[in-house]
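S.K.: Just to be clear, the model below is a prediction. Sequence and coordinates:
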Amino acid sequence: MSGRSFLALTLTPEAPLCDWLAALDHQIQRAVGFFAGKPVILDLSMMQADTPDLPHLLPALKERGIRVLGIEGGERSWPAVAEWDWRESPLGGRASGPVSIPEDEMTPPAHPTLVVEESVRSGQHIIWPDGDVVILGAVSSGAEVTAGGSVHIYGALRGRAIAGIGGNAQARIYTRNLAAELVAIDGFYATAEEMDAKCIGNPAQVMLLGETLVFKTLP
């Protein structure tokens, strides 16, 4: 038996929620596409059953394109969350520390395609919402590439690749070696455990058909 792990962001809202959401909007504006396709855990440990505006929190996150993978730290019995689609947080895992939304992502030239001639190292984030991204090297575990168009990786994809942010369902992900932590297109994502086994470790492409990610091997 073998296993894989993937990274999820944790959001821990604080009261007053209207101010917290305003700050979240500011962070999103600083790094467009930062949350696109990422699994998010909603931590309610700083909330109370009677926190004002709590019933509107989960819908507000969905409106911002944030997909909540699981919820922890609160109680299903709270009347304020009675209408929520409450998903249990995945068991296990360990915190990697606070994550700062990057202010100075790689600044691409004014071209529809961004070409990165070296590998993307762990901890690096490349965000290019205006077109395709071409990585001539590999994408390491813990690294991420986000594109408004397709993502082309000439080496191994061991980190995360997110394509089609902003509603481009026709975008695709290509790699010479699929070993990803997470792939996503137009907000629909798959973790390592959900990927087609015959494509793992092989040249592959990922496309979106309806609301399902489809994996195909490449010659």
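M.R.: That came through, no problem.

S.K.: how about the strands in the protein?
M.R.: For the chain, applying DSSP state E gives strands covering 9-11, 40-43, 68-72, 113-116, 125-128, 132-135, 144-147, 151-157, 160-163, 173-178, 182-185, 188-191, 204-209, 212-217.

S.K.: Spell out which strands sit alongside the last one in the sheet and which way each one runs.
M.R.: Applying DSSP bridges to the sheet, strand 212-217 is found paired with strand 204-209 (antiparallel).

S.K.: Put the alpha carbons of the strand it pairs with into CSV.
M.R.: C-alpha atoms of strand 204-209 as CSV (Å, rounded to 0.1, in the frame of the first residue of the first chain):
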residue,chain,number,x,y,z
ALA,A,204,-0.4,12.8,-19.2
GLN,A,205,-2.9,15.5,-19.8
VAL,A,206,-5.9,16.6,-17.7
MET,A,207,-9.0,18.2,-19.1
LEU,A,208,-12.5,19.1,-17.8
LEU,A,209,-15.6,17.4,-19.2
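
S.K.: thinking again about what came up before, tell me which of the strands of the chain is the most buried.
M.R.: strand 160-163 (a mean of 28; mean count of other CB atoms under 10 Å). Bear in mind the C-beta positions are built from the backbone N, C-alpha and C, glycine included.

S.K.: Arg64: how many residues sit nearby?
M.R.: 12 (other CB atoms under 10 Å).

S.K.: Would you tell me which helix is longest in this structure?
M.R.: For the chain, the longest helix by residue count, based on DSSP state H, is helix 17-30.

S.K.: Would you indicate which residues of that one are buried?
M.R.: Leu17, Trp20, Leu21, Leu24, Ile28 (16 or more other CB atoms under 10 Å).

S.K.: ok, so of the residues you listed, who is nearest Tyr154?
M.R.: Nearest to Tyr154 out of these is Ile28 (CB to CB; 30.6 Å).

S.K.: where's the closest residue to Pro13 other than its chain neighbours relative to Leu11, distance?
M.R.: Excluding the flanking residues, the one nearest Pro13 by CB to CB, 6 or more residues apart in numbering is Trp20, at 4.9 Å. Plainly put, Trp20 is 9 Å away from Leu11 if you go by CB to CB, to the nearest Å.

S.K.: so where's this structure uncertain?
M.R.: 1-8, 30-34, 36-38, 88-111 (pLDDT under 70).

S.K.: Relative to its centre, which residue of this protein is most distant?
M.R.: Asp50 (30.6 Å; CA atoms, centre = their mean).
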